[in-house]
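Peer 1: What follows is a predicted structure for the sequence shown.
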Amino acid sequence: MRLFDPHIHMTSRTTDDYEAMYAAGVRAVVEPAFWLGQPRTSPASFRDYFDSLLGWEPFRAAQYGIAHHCTIALNPKEANDPRCAPVLDELPRYLVKDRVVAVGEIGYDSMTPAEDTALAAQLQLAADHGLPALVHTPHRDKLAGLRRTLDVVRESALPTDRVLVDHLNETTVKEAKDSGAWLGFSVYPDTKMDEARMVAILRAHGPDRVLVNSAADWGRSDPLKTREVADLMLAEGFDEDDVDRVLWRNPVAFYGLSGRLALDVTAPDATHEGNSILRGGE
Amino acid sequence: MTHPPTHQPAPRLTRPAEAGAEHDTAPRRSDAARDVAELRAALTARLDTAARRWLDQALDEAAAHPGGHGPISTWELRLAEAGRRCGPDHADAARVLILHAARADADALARVYHQGTADERRAVLRALPGLVPGPDALPLVEDALRTNDTRLLAAAVGPYAARHLDAHQWRHAVLKCLFTGVGTGHVAELDRRARGDAELARMLADYAVERTAAGRPVPGDLHRVLALTEPATASHGPAAPHGKES
């Protein structure tokens, strides 16, 4: 079984997670730029983060046989902080890089005017750079947030079929599907979706344009949720081709819109019985 | 777990150090030009038609407009996209050629290094020996040597480091290669710089003791480098001074 986690914040995860993910079948991940729990205070902090997403993190992933790509953006939460918003001006030089496969996560958190501005500007950046967009839907007031998101997308230069709306659930899946966007679902231990509800949604709405992710980060979350959804799909009567479609081919198709996916992993040859992450030597 | 590379060897980016070569001077211009021409021919032979066309255009643009105009120069955009245009196995060579075509100086190389992905940084490190005659770009090598990214470490210990890194930093670079598993075959001019280096020999011996005390194997490369630290015999003339001890 080959698995692609299309939304996971590996910066916040350990090498044990990488090892367990590989053992579970994960061979590719996309790490969207997001907030780090602790608010940033300047564009310089974003630059270091983006550099890590394009440097150290793909190196770590490659040592565990996992292809790492990222999406770059100013996230909606920090778009509200005037100390951070100027990083918008620096995004273009990151959006030309290899392995940047979308603009994201963008979208709404509290639906403020500053978030309106950042969302519209970054949808335009996606269109300008030939990239699709990963759009986060808000945790609070989700259905209203989805509707407002889709309105902004429709007014933008980016076609809706180049947008993935993420963190969907039972209340938002139908309108998102009707819009023509790609459909993302985050499966969490306690919040967002769980495996059983995910499989029920797949049965009700079909696997077309559906992506399932763990969205694992620094909070309570589980980087093996993609595998657990795959296992439950098989147990509930979906076949292996359905699983491969949802958990490999759909993310490859969506992020492949960038023309920048490189799924063959070449692990650095220069590791001594393991890897240079073992700082003290093995 | 590790996964062995599956790709074909990419073209050599620098010539091997020549025994008896002048130590502290940059390669002559004609040598550098020949290296670049050979690299381009070797890379071109491996690219498909679309990639070859892209590369030819990128090199022509870089040669015609080496300076910046607008927020980012065209050749810097080409540098960023070389991986997806030429394929990951050929990106290093393509980027080195673009840097040469743009006649990037130490300032430009520092800018694209600091604004680059790990892959772009590696290409900048590999381009240093042909583009920067003096020690101006040493801070980039030092930056790379501070990382734990073995791809950057391997590129950092090339001919530019052999030429300019001071003895203390060079010894730590060699030890870090052993520590992180970067093959010492990546260390340019290892024979010349290691010869007669008693301090390097001490550091290697101490590391071997530490490994042994922990019940861990001593890297095979360690013994090889340790043997190189023997002073030259009389028939080879006096031990070569490092010229960089400070």
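Peer 2: Arrived safely, thanks for sending.
Peer 1: Wait, A:Arg197 touches A:Glu170, no?
Peer 2: Yes - between A:Arg197 and A:Glu170 there is a contact under Cβ atoms under 8 Å: 7.0 Å. Where C-beta positions appear, they are placed from N, C-alpha and C, glycine not excepted.
Peer 1: roughly how far apart are the residue nearest to B:Ala110 when sequence neighbours are not counted and B:Ala80?
Peer 2: Spatially, and ignoring its direct neighbours in sequence, B:Ala110 is nearest to B:Leu140 (6.2 Å; Cβ to Cβ, 6 or more residues apart in numbering or on different chains). From B:Leu140 across to B:Ala80, the span is 18 Å (Cβ to Cβ, to the nearest Å).
Peer 1: the more surrounded of those two?
Peer 2: Of the pair B:Leu140 and B:Ala80, B:Ala80 is the one with more neighbours under other Cβ atoms under 10 Å in any protein chain shown, namely 24 against 21.
Peer 1: So that one lies in a helix, does it not?
Peer 2: Yes - counting by DSSP: H, G, I helix; E, B strand; the rest coil, B:Ala80 is located in a helix.
Peer 1: That one contacts B:Asp119, doesn't it?
Peer 2: No - between B:Ala80 and B:Asp119 there is no contact under Cβ under 8 Å: 9.5 Å.
Peer 1: Name the residues contacting each of the two.
Peer 2: A:Asp98 (Cβ atoms under 8 Å, 6 or more residues apart in numbering or on different chains).
Peer 1: all helices of the chain, in order?
Peer 2: Just so you know, I chose chain A. Here chain A has its helices, by DSSP state H, at A:15-24, A:43-53, A:56-63, A:76-79, A:91-95, A:113-128, A:142-155, A:173-179, A:195-205, A:225-235, A:240-244, A:250-256.
Peer 1: Please refer instead to chain B.
Peer 2: Under DSSP H, chain B gives helices at B:29-46, B:49-64, B:74-86, B:91-101, B:106-114, B:118-131, B:138-146, B:150-156, B:159-164, B:167-180, B:190-194, B:198-213, B:220-228.
Peer 1: Serialize those to TSV and add fields for mean pLDDT.
Peer 2: Below are the helices of chain B laid out as TSV (pLDDT from 0 to 100):
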stretch	mean pLDDT
helix B:29-46	89
helix B:49-64	96
helix B:74-86	96
helix B:91-101	97
helix B:106-114	97
helix B:118-131	97
helix B:138-146	98
helix B:150-156	97
helix B:159-164	98
helix B:167-180	97
helix B:190-194	97
helix B:198-213	97
helix B:220-228	95
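Peer 1: Can you say which of these is nearest to A:Glu78?
Peer 2: Shortest distance between A:Glu78 and those, using Cβ to Cβ, is found for helix B:106-114: 23.1 Å.
Peer 1: Could I have the CA atoms of the closest one written out in PDB?
Peer 2: In PDB, the C-alpha atoms belonging to helix B:106-114 read as follows (Å, rounded to 0.1, in the frame of the first residue of the first chain):
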ATOM      1  CA  ALA B 106      31.100  36.600  -4.500                       C
ATOM      2  CA  ASP B 107      28.300  39.000  -3.700                       C
ATOM      3  CA  ALA B 108      25.900  37.400  -6.100                       C
ATOM      4  CA  LEU B 109      26.800  33.900  -4.900                       C
ATOM      5  CA  ALA B 110      26.200  34.900  -1.300                       C
ATOM      6  CA  ARG B 111      22.800  36.300  -2.200                       C
ATOM      7  CA  VAL B 112      21.600  33.300  -4.100                       C
ATOM      8  CA  TYR B 113      23.000  31.000  -1.500                       C
ATOM      9  CA  HIS B 114      21.200  32.700   1.400                       C
END
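Peer 1: I'd like to check the angle between that helix and helix B:118-131, please.
Peer 2: Relative orientation of helix B:106-114 and helix B:118-131, computed by axes from the mean of the first three to the mean of the last three Cα atoms, to 10 degrees: 160 degrees.
Peer 1: If you count contacts, what does helix B:106-114 end up packed against?
Peer 2: For helix B:106-114, the elements it packs on are helix B:118-131, helix B:138-146, judged by 3 or more Cβ pairs under 8 Å, 6 or more residues apart in numbering or on different chains; DSSP states H and E.
Peer 1: from these, which stretch is densest packed?
Peer 2: helix B:118-131 (a mean of 25; mean count of other Cβ atoms under 10 Å in any protein chain shown).
Peer 1: distance between that helix and the chain's centre?
Peer 2: 7 Å (Cα atoms, centre = their mean, to the nearest Å).
Peer 1: so does that helix get close to chain A?
Peer 2: Yes - judged by Cβ under 8 Å from any Cβ of the partner chain, helix B:118-131 comes into contact with chain A through B:118-119, B:121.
Peer 1: which parts of stretch B:179-193 are buried?
Peer 2: B:179-184, B:186-190, B:192-193 (16 or more other Cβ atoms under 10 Å in any protein chain shown).
Peer 1: Show me which of those is closest to B:Gly87.
Peer 2: Using Cβ to Cβ, those come closest to B:Gly87 at B:His186, 22.2 Å.
Peer 1: list the contacts for the nearest residue to the closest one once chain neighbours are set aside?
Peer 2: Closest residue to B:His186 apart from its sequence neighbours, by Cβ to Cβ, 6+ apart: B:Ala154 at 4.3 Å. Counting by Cβ under 8 Å, 6+ apart, B:Ala154 makes contact with A:270, B:177, B:182-183, B:186.
Peer 1: Tell me which of the helices of chain B lies nearest to A:Arg203.
Peer 2: Across the helices of chain B, closest to A:Arg203 is helix B:74-86 (Cβ to Cβ), at 37.4 Å.
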